[in-house]
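Visitor: Sequence below, structure please.
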Amino acid sequence: MDDEAELAFGRLDFAFKNGIHVQRWGEQESWYRFVDKHFESLKAYYQRFFSVQLREGGESINRYFYLDFWPESRGNIPLENRHFFANEFVIVGFMVYKIVYIDQYIELDTLTVLKRMIRQDYEDLKLGLFRTLAKAKNVNTTEMDDEKLDETVEKAMKEFAKIGWVDLEGDHFDLLPSFQRLNTIYQDYITGLDQWLKQEAS
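Guide: Next up is the predicted model:
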């Protein structure tokens, strides 16, 4: 019954079903306000008709919304609308999270510098990273090199941009509040990333 629904809901609904996370950023601002205003109603809608959960993460200005599956069900969202990350992209996400939020390189905002940092500033982790990415890709470790690493990092960031975890324009990127969901899901892996990659290298 909200007058804004005619303009906002159709595109918002498609975005949610395509895995996009909605937050107070750029053109999503109006979507964010609409979901915030009608959260309980929309939550009931997605649960009843699609058997998925409308959830929220973050706090205050870093709050965001997304659809999530129930543990025992994949819901009624068509398969073509579901976004699955390749394992190698998740591993790149761990590295990005470590660099920005744990090691506090908070001003990092270009792919060029990100790729160079992973190659040069984390030399002690690189062999383990090569081996872990090779396993994830199901290829021989010898097939991984700096060029392949750069390609994987760039592809991963483009995938993160598709679901609203990253704002990516050319070489420039911003990590959005919803990028924190990676840590919510994989906190133990991220916390132990150094040890994990060093073990892979030994």
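Visitor: Show me what the biggest helix by length in the chain is in contact with.
Guide: Scanning the chain for the helix with the most residues, using DSSP state H, yields helix 146-162. Where contact means C-beta atoms under 8 Å, 6 or more residues apart in numbering, the residues beyond helix 146-162 that reach it are 19-20, 83, 85-86, 88-89, 92-93, 95-96, 111, 114-115, 118-119, 126, 129-130, 133, 137, 166-168, 173, 179. Where C-beta positions appear, they are placed from N, C-alpha and C, glycine not excepted.
Visitor: Mind giving me the packing neighbours of the worst-scoring helix or strand of the chain on mean pLDDT?
Guide: For the chain, using mean pLDDT, DSSP states H and E, the weakest element among its helices and strands is helix 5-17, scoring a mean of 90. Packing contacts for helix 5-17, counted by 3 or more C-beta pairs under 8 Å, 6 or more residues apart in numbering; DSSP states H and E, involve strand 22-23, helix 29-37, strand 64-69.
Visitor: tell me, how many neighbours does Ile185 end up with?
Guide: The burial metric for Ile185, expressed as a neighbour count using other C-beta atoms under 10 Å, is 12.
Visitor: And for Asp145?
Guide: For Asp145, the number of neighbouring residues by other C-beta under 10 Å comes to 11.
Visitor: Enumerate every residue touching it.
Guide: Phe130.
Visitor: about what we covered before: please flag which of the contacts of helix 146-162 sit within strands.
Guide: Val166, Asp167, Leu168, Phe173 (DSSP state E).
Visitor: Give the PyMOL command for selecting the buried subset of these.
Guide: One line in PyMOL is enough to select the buried members of those, burial here meaning 16 or more other C-beta atoms under 10 Å:
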select buried, resi 166+167+168+173
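Visitor: In CSV, list the ones in strands among the contacts of helix 146-162 along with pLDDT and distance to Tyr46.
Guide: Formatted as CSV, these follow (pLDDT from 0 to 100; distance: C-beta to C-beta, whole Å):
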residue, pLDDT, distance to Tyr46
Val166, 97, 24
Asp167, 97, 25
Leu168, 97, 27
Phe173, 98, 29
